[in-house]
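[1] quick one, fold the following:
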Amino acid sequence: MNSFTLYNPVKLHFGSGVLDKLGREASKHGKKALLVYGKGSVKSSGAYDEALASLGKASVDVVEYPGIKPNPIIEDIESAAETGRKHGVNLVIGIGGGSVIDSAKVIAITIPQSNPAWQFMTGKVKPVTALPIMSVLTLAATGTEMNPYAVIQNNEEKKKIGFGHKLMYPKSSFLDPGFTVSVPKDYTAYGIVDLIAHCLEAYFGKGEAELSDRFSISIIKEALEYGGELVDNLNNYELRAKIMYASTCALNGMTFVGKESPDWGTHAIGHCLSVLYDIAHGASLSIAYPAWLKLQKDRIPGKISSLGQSLFNTADIDETIYKLEQFFINIGSPLKLSEAGIILDEQAKAELCNVMANNKVSGLEHSLSEDDYNFLINEMC
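    Reported below is the predicted structural model:
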């Protein structure tokens, strides 16, 4: 086990009615908030109205920036940051899923420094200050509500990359499972896939930390046990709560304590699929992860076998991969690009391979070569 420093300053408010506290908590950090959200589901869930009401009671003024896309783009970050500067906001609140909260984090470091946001994402400029960030979660998936990371897409460069900094931790995050009840079956499934993928990235990461691996396994078991029930009972609050808490725990730091890092190779593959085909992030992962496991079955048989024993009571690698695939099928997430309506001819396969190379797709523990790209692409088709 590696030496480590465990730090997570996010104040997490979980449960029914917690959004009543938003205004009080926000007023501790600012009096004029940039409210960032997506394209409308935040209003149908009731979260938007409740957030405005709570902020109004605390005399926190609001400037709105709607329209964040499911795969968030750098142009919206720049536009929102300019809106924030123009109106003199001193607080950023993201209300939505991972794309919105990720965007809020990068907006919060971009407003006070005035550097192009992409320079932060690529590491050319380091943030030295940030506006306070708060998040209201309406989709259980990414875990961004309790970590300092964000993933943003640059369509011009055909890149989708992640960046993290301690200044990007939310001050407070508000998780009311009731706001996820309106999430449709497909995006509920994609969120379940995403949280499982986060745990697998940690499990297959660099270094050995047995207790952290056990945390990952336990979270995946929670998803396997309750995820299938949830997609057939979308209005069930208790199931929504279980999956919401699991998704937060999957990427709040606890699953890779004592390791050098998660692997992140499969997420890198998924990001290329998103930037080329605008596929939902979770759907890209249910396509990419079985292909990655098939690539790795002869390279890390012990690790995959141990995973199968823990999750499915089988040490057989092929059966382990098959059972994971069956779970993805059962909840309605695609296993192949063709199932997502994406058909690749040889020219399109070559383009995808080039985008993977341009993005330097690889794992931090398990490296990937161009030959591996071609294997993965064929498996994903």
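
[2] list the contacts of the longest helix along the chain.
    Secondary structure of the chain per DSSP state H: the longest helix is helix 210-232. Residues outside helix 210-232 that contact it (Cβ atoms under 8 Å, 6 or more residues apart in numbering): 1, 185, 188-189, 192, 195-196, 199-200, 202-203, 236, 239-240, 242-243, 246, 249-250, 254-259, 307, 310-311, 327, 330-332. Every C-beta, even on glycine, is put in place using the N, C-alpha and C of the backbone.

[3] ok, stretch 111-118 next?
    Outside stretch 111-118, the residues within contact range by Cβ under 8 Å, 6+ apart are 34, 74, 77-78, 81, 84-85, 89, 92, 106-107, 110, 125, 127-131, 152, 154.

[4] quick check, central residue of this protein?
    The residue lying closest to the centre of the chain (Cα atoms, centre = their mean) is Thr142, at 2.7 Å.

[5] mark which of the contacts of helix 210-232 are part of helices, please.
    Among those, DSSP H puts 185, 188-189, 192, 195-196, 199-200, 202-203, 239-240, 242-243, 246, 249, 307, 310-311, 327, 330-331 in helices.

[6] in PyMOL, how would I select just the buried ones from these?
    Selection of buried members from the ones in helices among the contacts of helix 210-232 for PyMOL, criterion 16 or more other Cβ atoms under 10 Å:
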select buried, resi 188+189+192+195+196+199+200+202+203+239+240+242+243+246+249+307+310+311+327+331
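
[7] check which helices and strands the helix or strand of the chain with the lowest mean pLDDT sits against.
    Of all helical and strand segments in the chain, the minimum by mean pLDDT, DSSP states H and E falls on helix 41-44, at a mean of 86. Under the contact criterion of 3 or more Cβ pairs under 8 Å, 6 or more residues apart in numbering; DSSP states H and E, helix 41-44 touches strand 91-96.

[8] next, the buried residues of the strand it packs on.
    Buried residues in strand 91-96, counted by 16+ other Cβ under 10 Å: 91-96.

[9] also stretch 161-179?
    Along stretch 161-179, these residues count as buried under the neighbour rule (16+ other Cβ under 10 Å): 161, 163, 165, 167-179.

[10] which pair of those residues spans the longest distance?
    Maximum pairwise distance among those (Cβ to Cβ): 33.3 Å, between Ile161 and Gly178.

[11] assign the nearest residue to Leu19 once chain neighbours are set aside to helix, strand or coil.
    Residue nearest to Leu19 in three dimensions, not counting chain neighbours: Glu50, with 4.6 Å by Cβ to Cβ, 6 or more residues apart in numbering. Following DSSP: H, G, I helix; E, B strand; the rest coil, Glu50 is assigned to helix.

[12] okay, now the domains of this structure?
    Domain assignment for the chain, taken from automatic domain parsing, gives 11-180, 185-380.

[13] closest one to Thr5 among those domains?
    Each of the domains of the chain has some distance to Thr5 by Cβ to Cβ; the shortest is domain 185-380, at 9.6 Å.

[14] pLDDT score assigned to Ile243?
    At Ile243, the pLDDT value in this model is 98.

[15] likewise the one 5 residues further on?
    At Thr248, the predicted lDDT confidence score is 98.

[16] hang on, Gln347 in a helix?
    Yes. The assignment for Gln347 by three-state DSSP puts it in a helix.

[17] gap between it and Asn354?
    To Asn354, Gln347 is 11 Å away according to Cβ to Cβ, to the nearest Å.

[18] quick one: low-confidence ranges for the stretch 201-350 of the chain?
    The stretch 201-350 of the chain contains no residues with pLDDT under 70.

[19] picking up where we left off before, switch the domains of the chain over to a markdown table, and while doing so, append distance to Thr5 to every line.
    Shown next, in a markdown table, are those (distance: least, Cβ to Cβ, whole Å):
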| stretch | distance to Thr5 |
| --- | --- |
| domain 11-180 | 11 |
| domain 185-380 | 10 |
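
[20] what is the end-to-end distance of stretch 295-307?
    16 Å (Cα to Cα, to the nearest Å).

[21] going forward, count from 7.
    All right, first residue 7 from here; so that's stretch 301-313.

[22] on that earlier part again, need the residues that contact the least confident helix or strand of the chain.
    Residues outside helix 47-50 that contact it (Cβ under 8 Å, 6+ apart) are 54-55, 101-102, 106, 144, 188-189.

[23] surely Arg246 meets Val187?
    Yes. Under the criterion of Cβ atoms under 8 Å, Arg246 makes contact with Val187 at 6.0 Å.

[24] after whichever strand or helix holds Met140, which helix or strand is next? Please name it.
    Under the criterion DSSP states H and E, the helix or strand holding Met140 is strand 139-143. Helices and strands here follow DSSP H and E; after strand 139-143, the next one along the chain is strand 155-160.

[25] could you check how far Asp82 is from Phe10?
    From Asp82 to Phe10 the distance is 35 Å (Cβ to Cβ).

[26] measure the residue nearest to Gly170 when sequence neighbours are not counted to Leu173 for me?
    Residue nearest to Gly170 in three dimensions, not counting chain neighbours: Tyr155, with 3.9 Å by Cβ to Cβ, 6+ apart. Look at Tyr155 and Leu173: by Cβ to Cβ, they are 12 Å apart.
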